[in-house]
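>>> Only the shape, not the letters, is given here:
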């Protein structure tokens, strides 16, 4: 490691310390129940106290402090140690990449879901993304050879993500359809759905990041593979479907049915429920199709054939979800006493 890398490591340690203090500031304000003033004159309180202010039961600011503390120690140590192995730098870059992607996810939530900006949260995201950018450009890593060397580990992570994703989306769909039979979602059911949804997102994240790690060293070969192109298109559909289902549809569905006797217009709930059923069908069909594609060694077919079969399965699943919805509506009407 030469001098410039040591200097950059110290700079990144300073940035990490600033990030830790910023996350601690938010944590302290929330713990003391003091209002967080936003210099942008936006509503910071709506952001830091929203339903998205925790991840898997852990408060975002605590996750932030943990990451920044790790980053501070790692870069402080790396700044003074010579001859650090390449894999150590690789881990630092990988962790900073995960943190940067998570920050982009939080920015997305502010922009399109919460629809409020928090300058403190944006500042933290800027620091996190800066740490990844500096680590990526400063460490002397041959990423292609590095990824090839650790291909088995990356493949294991990829398979683990797929297994978790298929399992979680199966359980999610079973619970989701079951919970909506009576047109209501209780508080406990809502918490279960939210937890399962986050597990699916974690699985999707693992699959995408590890998939990128597998793609980079073999990009020329994979770009000519119908199987790979199909998998990438379906993963894009899974991602878009998950955003609509988990971020836009599910919260509305819960607000309409949560703890109420459904004295609103029936059509409103019916429309959202039908959409939710269809999106759930898309999710489970897509995950299983990608899983099966990944399990097959070779496919001697064209992209049109592979993707066409997927579209057929998708159409059957969506139609089936609507038949399922109609069946329960009819049964509910038959069982409900006419007043």
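Arrived safely. Worth saying up front: this structure is predicted, and the values here are computed from it rather than measured.

>>> can you pull out the helices in the stretch 201-339 of the chain?
For the stretch 201-339 of the chain, applying DSSP state H, counting those that start in this stretch gives helices covering 219-223, 226-242, 250-257, 266-295, 303-335.

>>> so what secondary structure elements neighbour the strand or helix carrying residue 195?
In this assignment (DSSP states H and E), residue 195 forms part of helix 187-215. Counting contacts by 3 or more Cβ pairs under 8 Å, 6 or more residues apart in numbering; DSSP states H and E, helix 187-215 packs against helix 86-108, helix 151-179, helix 226-242, helix 250-257. For glycine as for every other residue, the C-beta is placed from the backbone atoms N, C-alpha and C.

>>> quick one, domains of the protein?
For the chain, automatic domain parsing gives the domain ranges 3-141, 150-335.

>>> could you dump the ones you listed to a markdown table with mean pLDDT?
As requested, those are arranged in a markdown table below (pLDDT from 0 to 100):
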| stretch | mean pLDDT |
| --- | --- |
| domain 3-141 | 86 |
| domain 150-335 | 81 |
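
>>> Format the ones you listed as TSV; extra columns: mean neighbour count.
Below are those laid out as TSV (neighbours: other Cβ atoms under 10 Å):
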stretch	mean neighbour count
domain 3-141	17
domain 150-335	16
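
>>> coming back round to it: quick one: which of the helices of the stretch 201-339 of the chain is nearest residue 105?
Residue 105 sits nearest to helix 226-242 of all the helices of the stretch 201-339 of the chain, at 11.5 Å, using Cβ to Cβ.

>>> ok so, going back, would you tell me which of the helices and strands packed on helix 187-215 gets closest to residue 312?
Among the helices and strands packed on helix 187-215, the nearest to residue 312 by Cβ to Cβ is helix 226-242 (13.2 Å).

>>> What are the boundaries of the helices in the stretch 1-150 of the chain?
3-31, 44-48, 60-78, 86-108, 119-138, 143-149.

>>> would you list the ones you listed in CSV and tack on distance to residue 304?
Converted to CSV, those look like this (distance: least, Cβ to Cβ, whole Å):
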stretch, distance to residue 304
helix 3-31, 48
helix 44-48, 45
helix 60-78, 44
helix 86-108, 32
helix 119-138, 37
helix 143-149, 31
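
>>> out of those, nearest to residue 176?
Distance to residue 176, taken as Cβ to Cβ, is lowest for helix 86-108 among these, at 22.1 Å.

>>> Not counting the closest one itself, show me its contacts.
Outside helix 86-108, the residues that touch it by Cβ atoms under 8 Å, 6 or more residues apart in numbering are 52, 60, 67, 70-71, 74-75, 78, 121-122, 124-125, 128-129, 131-133, 135-136, 139-142, 146, 150, 205, 209.

>>> before we move on, what about stretch 44-64?
Residues outside stretch 44-64 that contact it (Cβ under 8 Å, 6+ apart): 19-20, 22-24, 26-27, 29-30, 35-38, 106, 109-110, 113-114, 116-121, 124, 195, 198, 202, 251.

>>> run the last query once more with 6 Å
Applying Cβ atoms under 6 Å, 6 or more residues apart in numbering, the external contacts of stretch 44-64 come out as 23, 26-27, 36, 38, 109-110, 114, 116, 118, 121, 124, 198.

>>> Repeat that for stretch 217-227.
Contacts of stretch 217-227 (Cβ under 6 Å, 6+ apart): 144, 147-148, 215, 228, 293, 299, 302-303, 306.

>>> okay, those in TSV with distance to residue 287 next?
Below are the contacts of stretch 217-227 laid out as TSV (distance: Cβ to Cβ, whole Å):
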residue	distance to residue 287
144	30
147	25
148	28
215	19
228	17
293	11
299	18
302	23
303	20
306	16
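
>>> Specify which member of those is nearest to residue 178.
residue 293 (28.6 Å).

>>> how near is that closest one to residue 307?
Applying Cβ to Cβ, to the nearest Å, the value for residue 293 to residue 307 is 10 Å.

>>> ok, now residue 110?
Separation of residue 110 from residue 307 (Cβ to Cβ) stands at 35 Å.

>>> hmm, back to that, farthest-separated two in the contacts of stretch 44-64?
For the contacts of stretch 44-64, with distances taken as Cβ to Cβ, the pair at the greatest spread is 38 and 198 (26.7 Å).

>>> Give the phi and psi angles for residue 296, as a check.
phi -80, psi 130 (degrees, to the nearest 10).
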